[in-house]
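1. Here is my input, please return the structure:
(3 chains)
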Amino acid sequence: MTAAEPTLVPSGGAERAVARVVLDSPLPQLDRLFDYAIPPELAGAVVPGVRVKVPFRSAGRLSDAFVVEVGSAGSYEGALSPVDSVVSPIVVLTPEVWRLARAVADRGAGSAIDVLRFAIPGRQARVEKAHLAALTAAPSPDAPAAAPSPEVPDSVPPEPHEGPSPAPHGVGAAVGVGGGVVEGYPAGRWESAIDARARWASAALPGVVECAPGRWVGRWALTLAQAAAHTLASGSSAILAVPDYRDQDQLQTALESLLPAEAIARTDARQSNPDRYRAFLSCLGDEPRVILGTRSAVYAPARRLGLLALWDEGDPLHAEPLAPYAHSRDVALLRQEQSGAALAFLSHSRSTEVERLVEIGWLHDLAPSSPVGPRVIPTVQQAAQDGFAQLARIPSTAWRAAREALDSGPVLVQVARPGYAPVLACQSCGQAARCNRCNGPLGKSSASAVPSCGWCGALAADWHCTHCSGERLRFVSVGAGRTAEELGRAFPGVRVVVADGERPVQEVPAKAALVVATRGAEPITPGGYAAVLLLDGERMLARESLRVGEDCLRWWSNAASLAAPKAPVMLVGVGGPLARALNTWRQADYARGELADRRGLRFPPAVRAGTIVGAAEPVAGAVEGIRGIPGVDVLGPVDAEPGLVRAIVRFDYGSGAAVASALRSAVVQNASTRRKGTPGKGAPRPQPSLRVRFDDPEIF
DNA sequence: AGCACGCCGACT
DNA sequence: GTCGGCGTGCTC
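-> Numbering: from 1, shown residues only, chains lettered A, B, ... in the order given. Model prediction:
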């Protein structure tokens, strides 16, 4: 502690000062505030938002905790233990983030501390020391802690400091780079929506753009960067959340072309812990920032949050895989309601979730001024005449389009699956080939590799089929590697580049080449591709999932958006409403129809859904607790893994709070009353015997 | 999670 | 009478 302001009265006067803290414990029954006395020597240091250590559990053990409130009104009657120590003077839990964490946990029947662990990076003593030293050293001599520092009029230069781009490509009119002016949409509409703290969904402009000399990004990235620059220019912070680091890199490039580097804070899971903590601390300062990151960015402690924007919210990477499993979209919706910031969803393709929000009037639609899409040419699968094309299972029209395009630049070929022939089957009976040891799926990692098991890794050197005793294997699905080989033969003399999850490629030069990429891993290229071939449509659609249609449309739209203006985009082997939506570039139409179907079937997102997994008895109890709530129906329970059952609960949005709180009570009760189970020295149960998960995109 | 508390059986 | 089993529930 430095010399500072003792805000609280010394021990003598008034009632007892009480700190209300949230404990860092995964136990659901501890997810509430606990009262501790503030000893005189810590008065003034124990303020809301700091990390503390408190005695907990009978022995003299200490638990980590965050102070949530400080006051004199103790709601707890018993004797209070004193706070043991303050870990750091930095206010890492802001009131806004606490309210958000509480709301996210309540909505997902989870613990607020689970949200906080995700939202607040671990403390790094070194980084913190440097941060505090910098704070006390130069500009603002005020205490580093909570003190609402004397309001300094912040001046962040919103001007672009990079030269404007020469003739950017992209579908639609040429755009220049301007600070805080969002181009490509009706003039002033984004700006006024941001200023009015509105909520909206926008279709992104297709195409790529050169936002600084030699730096090309998807056109969408420039839109978000311009919106963020406008927000910053008006003295507010902006949070931009993207699905993965590839999108993040593009957006960062776009931001750096408009804003000084100090105005940008970057947070993502790939950062080292010190880097993460450093970026987090930089958000806590008083100057507004543009905060760029993946899922966790929606929890950043932004000062004066003015805009919350999500790119490609339909990407499943926005769904958090850890409890309480909140999707960035839902977190953003809650935060918007609490903070009153503007909220924008930008994407090429519209998810059914966003479509629902538009239909109920929660979001408005802010469309580009000239909604022109890429030139999409649906191509029915047909037996190719050309021998080469047949090799690569490409229809002759698509093959010819690619052949011509290769004269002027690179051609993007999107394929379905990563890896090389991930699935093998018996040549004689056609059944999927299984490992002779563990029954896992067999695959091949390269042309010359010996087939091996995807589970145990055993080489299938002398494999035999368990169904028919056949001994020869054949490919069932064809991955990027194999497609690349075939294309290489179909287009002799052309350079082939492969991009997939294992071999990521951010950008390819604007030279003739075949770029074979799995969906989601497409590199961008300066000026856009001379042609785009969307090859494995049928196979992608074969996946068994409620979301398969909208997922495919999203993958195709994102790939098509990388094409140069007027370049052909060949959609192979797909017809119907999906092909029409891509061809007309009216993805929202598809989402509308899809949502209507889901309403009829009572599937998400027309309703919400959750799974309840656990031992039969607690699951039955939990189900009993929600049966009476209106707008709720329960499927099951049915047997799941050995000893466990699973029930699916579907409920209207309006019943969400009641369902969540009832299930939460069941989880808490189950956690505190010991499971009797097998009395005879059974193995201790490693997992809680009742788990609840809401809004899992993979339920149906 | 730990750990104390408490209501039953078997002992000095 | 008292010791101690482990089932039950609390932790500011």
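
2. Okay, and the residue in the stretch 301-450 of chain A positioned nearest to DNA strand B sits in which element?
-> Among the residues of the stretch 301-450 of chain A, residue A:323 lies nearest to DNA strand B; the distance is 14.4 Å by C-beta to the nearest atom of the strand. Just so you know, the C-beta spots here come from the backbone N, C-alpha and C atoms, and that holds for glycine as well. Following DSSP states H and E, one finds residue A:323 outside all helices and strands.

3. do the same with residue A:69
-> Applying DSSP H and E, one finds residue A:69 within strand A:62-71.

4. That strand near DNA strand C at all?
-> No: Strand A:62-71 lies out of reach of DNA strand C by C-beta under 7 Å from any atom of the strand, never closer than 8.3 Å.

5. and the next element down the chain from that strand?
-> Later in the chain than strand A:62-71, the nearest helix or strand by DSSP H and E is strand A:85-86.

6. Okay, now the sheet partners of that following strand, with direction.
-> Using DSSP bridges, the strands paired with strand A:85-86 are strand A:51-55 (antiparallel).

7. Helix or strand: which one has residue A:330?
-> Per DSSP H and E: helix A:328-339 holds residue A:330.

8. From the chain's centroid, how far away is that helix?
-> From the chain centre to the centre of helix A:328-339 is a distance of 14 Å (C-alpha atoms, centre = their mean, to the nearest Å).

9. can you check stretch A:434-453 too?
-> 32 Å.

10. and that stretch, C-alpha only, in CSV?
-> C-alpha atoms of stretch A:434-453 as CSV (Å, rounded to 0.1, in the frame of the first residue of the first chain):
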residue,chain,number,x,y,z
ARG,A,434,-12.7,-50.6,-37.5
CYS,A,435,-9.5,-51.1,-35.5
ASN,A,436,-9.0,-54.9,-34.8
ARG,A,437,-7.9,-53.9,-31.3
CYS,A,438,-10.2,-51.3,-29.9
ASN,A,439,-12.9,-51.0,-32.6
GLY,A,440,-11.9,-47.3,-33.3
PRO,A,441,-12.2,-45.8,-36.8
LEU,A,442,-9.3,-46.3,-39.2
GLY,A,443,-7.8,-43.5,-41.2
LYS,A,444,-4.8,-42.5,-43.2
SER,A,445,-2.7,-39.4,-42.6
SER,A,446,-0.9,-39.3,-45.9
ALA,A,447,-0.8,-41.1,-49.2
SER,A,448,2.1,-43.3,-48.1
ALA,A,449,1.0,-43.8,-44.5
VAL,A,450,-0.1,-47.1,-43.2
PRO,A,451,-3.8,-46.9,-42.0
SER,A,452,-4.0,-46.4,-38.3
CYS,A,453,-6.7,-46.2,-35.6
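
11. I'd like to know how far the nearest residue to residue A:465 once chain neighbours are set aside sits from residue A:450.
-> Of all residues not flanking residue A:465 in the chain, residue A:426 sits nearest, at 4.0 Å (C-beta to C-beta, 6 or more residues apart in numbering). Taking C-beta to C-beta, to the nearest Å as the measure, residue A:426 falls 17 Å from residue A:450.

12. of the two, who's got more company?
-> residue A:426 (24 against 11; other C-beta atoms under 10 Å).

13. ok, that one touching residue A:470?
-> Yes: the pair residue A:426 / residue A:470 is scored as a contact, 4.6 Å apart, by C-beta atoms under 8 Å.

14. low-scoring pLDDT stretches of the stretch 601-700 of chain A, where are they?
-> A:674-688 (pLDDT under 70).

15. so which residue of it comes closest to DNA strand B?
-> residue A:672 (6.1 Å).

16. Tell me who's in contact with that residue.
-> residue A:29 (C-beta atoms under 8 Å, 6 or more residues apart in numbering).

17. State the distance from it to residue A:489.
-> 66 Å.

18. Residue A:464 now?
-> 31 Å.

19. Show me what from chain A comes close to DNA strand C.
-> Residues of chain A lying near DNA strand C (C-beta under 7 Å from any atom of the strand): A:27, A:29-30, A:34-37, A:55-58, A:76, A:78-81, A:672-674, A:676, A:679.

20. Give me the ChimeraX select line for the residues you listed, limited to the buried ones.
-> The ChimeraX command for the buried members of the residues of chain A next to DNA strand C (criterion: 16 or more other C-beta atoms under 10 Å) is given here:
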select /A:30,34,35,36,37,56,80
